[in-house]
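In: 3D model of this:
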Amino acid sequence: MLGHRNPQRSLFETQYWPHLVPADSLYARMGAVNDQLFCDEDLAEMYCENNGRPSVPPSLMSGITLLQYYDDVSDQEAIDRLCFDLRWKVALNLPLDFQPPHPSSLSVFRGRLLKHGQERYAFNRLVQVGRKAGFLPDKVTLLMDTTPQRGAGAVQDTYTLIRKGIRKVLKAAGYTLSQKRRGLVANLAAYLDSDRKADIDWADPAARAAQLKVLVQDAEDVLDLAVEHADDDEVRTAGWLLAKILGDDVTSDEQGNPQLRQGVAEDRIVSMTDPEMRHGHKSRARLFEGRKLQVAADQASELLLAVEPIPANTGDGRGLPKTVGGIEREHDITVERVIGDGAYGTGDNRAACAKDHVDLVSPLPAPSDPVVDKTAFTIDLANKRATCPQGQIAANPKPAKDPQGRAVLLFIFERSICEACPLFARCVHSKTKGRYLRTHYHEALLQAARQRQGTAEFKQTYLLRVAIERKIADLVQCSVRQARYIGTAKDRLQAQWSGAAVNLRRLFTLFKGDTNRMRQVLAMVG
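Out: Sure thing, here's the model as predicted:
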């Protein structure tokens, strides 16, 4: 049942006693607006109307959760701070003798938020405050970038993934029950008895190869058993995971013996603990396993408008149209410009933004050899002609397809003329043909973008992007670099509440410490 804070005040209320919490700190300012910051009625749907004991007030739980991410502490440490940290008591307007709830109440509260689709509650509410106060205009310029988030699941090698995959399928199919287990062959039943690696010499390549052969054979036998339970969603999901691991990590030699695949599959599973984790990299030197967080902020107010987890193995800009559309729907604003690094400036993104009348400010990559790069050629799309830097012309291009199967043009220059060119060795790599150029499906948009990129207006606008690095630094201070939980849904909750903590601090700055005015705006939001 929904609980409320007791309106009866105590002599031990922190605001009645002198304390040394700085008046300009987030804790003191949060305390000044605490009674308006979150509303119990906003989350009433998460509780039974007329049955059970009164809950810890959701407004109080929201404040505790926000401070927990702001200070990057565990559930137990959060409860300890409610007992002993004067800053938290001031921020939450708690009496000195406050009896805190059990640490498990925080987990239960997060579960309720997820179950009822309220994981964005605090984030959206504080963005609304920015809108009501006039800090966030109707039309905004988005600053965008991503930051890596290491997953909470254990990163596992192929042997462990297969072993745990076999065990997962067997358990999903109910073979832990004694009556079903009696019909299971001994080598498969052993996976239910032990979850440890085989006792072999792992430094011996022959021993590893033999163990891989055993695991693959057992996995194939288990997948055959899973077919008998194909109508069970849990078995079907576990079987799909195991089959994907075999497909991504294992291949066969000429004799048909299984061996580990060289290289890494694009969508390779790295953990059976959290199958949604993926290999990722922000640069060649910065590799990680987990997810990326897509971060978007308003350029004028520097309020965060989106902090969304995306797969670690996807490009930073791949979800740009979806992110822009989500921001416009969630916050009832119009995105008129997006500023992002080169990862966002793909032809497809430019086409999507042009369709929605969004100005995309993103640089195109600098060519490694600008003298003979495609950008040094003049491509006349209207007349279907291409001219090389030395004046040779290629006309009558051949129709071709890009990797997505879309129609593009292929220009091929005469090899005899190319051979006489002083740039031949640098420009032509074919042993039989002259230089060839393949246009992009959105070639016209890319040409316009490259031309704009050299203007002073572009350079000045692109400099505004630096602010997103500050916002990411703020998020890192609020515990987003390491995932706390298993699964994308819970990681999204962590990202949203960390973003809410960053936005609350930013709002105090925008209000210039005027907590009375902020209280009035919070009351308007309801």
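In: my guess is residue 502 contacts residue 476. True?
Out: No - with contact defined as C-beta atoms under 8 Å, residue 502 does not reach residue 476; the gap is 10.0 Å. For every residue, glycine as well, the C-beta is placed using N, CA and C.
In: more crowded one of these two?
Out: The residue with more neighbours, out of residue 502 and residue 476, is residue 502; 29 against 16, by other C-beta atoms under 10 Å.
In: quick check: closest non-adjacent residue to the spatially most central residue of the chain.
Out: In the chain, the residue lying closest to the centroid (C-alpha atoms, centre = their mean) is residue 309, at 2.0 Å. Distance criterion C-beta to C-beta, 6 or more residues apart in numbering; nearest residue to residue 309, sequence neighbours excluded, is residue 291 at 4.5 Å.
In: that neighbour: which element?
Out: strand 286-298 (DSSP states H and E).
In: helices or strands up against that strand?
Out: strand 139-150, strand 278-283, strand 304-311, helix 320-331, helix 466-477, helix 488-510 (3 or more C-beta pairs under 8 Å, 6 or more residues apart in numbering; DSSP states H and E).
In: and for the residue nearest to residue 309, the neighbour number?
Out: With other C-beta under 10 Å as criterion, residue 291 counts 28.
In: so in terms of bridging, what pairs with it?
Out: Beta-bridge pairing of residue 291 under DSSP bridges involves residue 149, residue 311.
In: what's near enough to touch it?
Out: Listed by C-beta atoms under 8 Å, 6 or more residues apart in numbering, the contact partners of residue 291 are 148-149, 151, 276-278, 280, 309-312, 483, 488, 491.
In: picking that back up, hang on, the residue nearest to the centre of the chain packs against residue 491?
Out: Yes - contact status for residue 309 versus residue 491: in contact at 5.0 Å, counting by C-beta under 8 Å.
In: joint contacts of the two?
Out: Shared contacts of residue 309 and residue 491, defined by C-beta under 8 Å, 6+ apart, are found at 149, 291.
In: so residue 119 touches residue 493, yeah?
Out: Yes - when contacts are counted by C-beta under 8 Å, residue 119 is listed as touching residue 493 (4.1 Å).
In: re the thing from before, for the contacts of residue 291, which one is nearest residue 183?
Out: Of all the contacts of residue 291, residue 183 sits closest to residue 276, with 33.3 Å by C-beta to C-beta.
In: for residue 481, see how far away that closest one is.
Out: Distance of residue 276 to residue 481, computed by C-beta to C-beta, to the nearest Å: 18 Å.
In: cool, and residue 406?
Out: 38 Å.
In: which of the two has more neighbours?
Out: Using other C-beta under 10 Å, the more surrounded residue of residue 406 and residue 481 is residue 481, with 18 against 11.
In: ok, that one - contacts?
Out: Contact analysis of residue 481 by C-beta under 8 Å, 6+ apart lists 147, 148, 149, 150.
In: by neighbour count, which of these wins?
Out: Going by other C-beta under 10 Å, residue 149 tops the contacts of residue 481 with 25 neighbours.
In: any idea which of the helices and strands packed on strand 286-298 has the lowest pLDDT on average?
Out: Looking at the helices and strands packed on strand 286-298, the lowest mean pLDDT belongs to strand 278-283 (a mean of 85).
In: which outside residues touch that strand?
Out: For strand 278-283, contacts defined as C-beta under 8 Å, 6+ apart pick out 146-148, 264, 267-270, 287-292, 311-313.
In: among these, which ones are buried?
Out: Listed as buried from these are 146-148, 268-270, 288-292, 311-313; burial here means 16 or more other C-beta atoms under 10 Å.
In: quick check, pLDDT for residue 264.
Out: pLDDT at residue 264 comes out at 85.
In: what sits against it?
Out: Contacts of residue 264 (C-beta under 8 Å, 6+ apart): residue 279.
In: what about it, helix or strand, and which?
Out: Using DSSP H and E, no helix or strand contains residue 264.
In: roughly how far apart are it and residue 281?
Out: 11 Å.
In: one more: residue 118?
Out: As judged by C-beta to C-beta, residue 118 and residue 281 stand 34 Å apart.
In: tell me which of these two has more neighbours.
Out: Higher neighbour count among residue 118 and residue 281: residue 118, with 19 against 13, using other C-beta under 10 Å.
In: skipping its backbone neighbours, what lies nearest residue 195 in space?
Out: Once flanking residues are discounted, residue 195 sits nearest to residue 167: 6.3 Å by C-beta to C-beta, 6+ apart.
In: doesn't residue 191 make contact with the one you found?
Out: Yes - using C-beta under 8 Å, residue 167 is in contact with residue 191, at 4.7 Å.
In: on that earlier part again, wait, what's in contact with the residue nearest to residue 195?
Out: So residue 167 contacts 191, 192, 195 (C-beta under 8 Å, 6+ apart).
In: repeat for residue 33
Out: 515, 518, 519, 522.
In: ok, the first one touching residue 32?
Out: Read that as residue 515. Yes - between residue 515 and residue 32 a contact is recorded at 3.8 Å, counting by C-beta under 8 Å.
In: who has more neighbours, those two?
Out: residue 32 (22 against 19).
In: quick check: the more buried one vs residue 93, distance?
Out: Per C-beta to C-beta, residue 32 is found 9 Å from residue 93.
In: now swap in residue 223 and tell me
Out: Using C-beta to C-beta, residue 223 is found at 58 Å from residue 93.
In: before we move on, back to that, possible to save the contacts of residue 291 as CSV with distance to residue 444?
Out: Listed next are those as CSV, based on distance: C-beta to C-beta, whole Å:
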residue, distance to residue 444
148, 34
149, 37
151, 41
276, 38
277, 39
278, 34
280, 33
309, 34
310, 29
311, 31
312, 33
483, 42
488, 37
491, 39
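In: and residue 73, what are its phi and psi?
Out: phi -130, psi 160 (degrees, to the nearest 10).
In: how about it, nearest residue that isn't a chain neighbour?
Out: Nearest residue to residue 73, sequence neighbours excluded (C-beta to C-beta, 6+ apart): residue 81, at 6.7 Å.
In: try residue 321
Out: Residue 321 sits nearest to residue 352 (C-beta to C-beta, 6+ apart), 4.3 Å away.
In: tell me how many other residues surround that neighbour.
Out: Residue 352: 18 surrounding residues under other C-beta under 10 Å.
In: shift numbering so it begins at 59
Out: All set: I'll call the first residue 59, so the last point we hit is now residue 410.
In: which of the helices or strands spans it?
Out: Counting by DSSP H and E, the element that carries residue 410 is helix 405-413.
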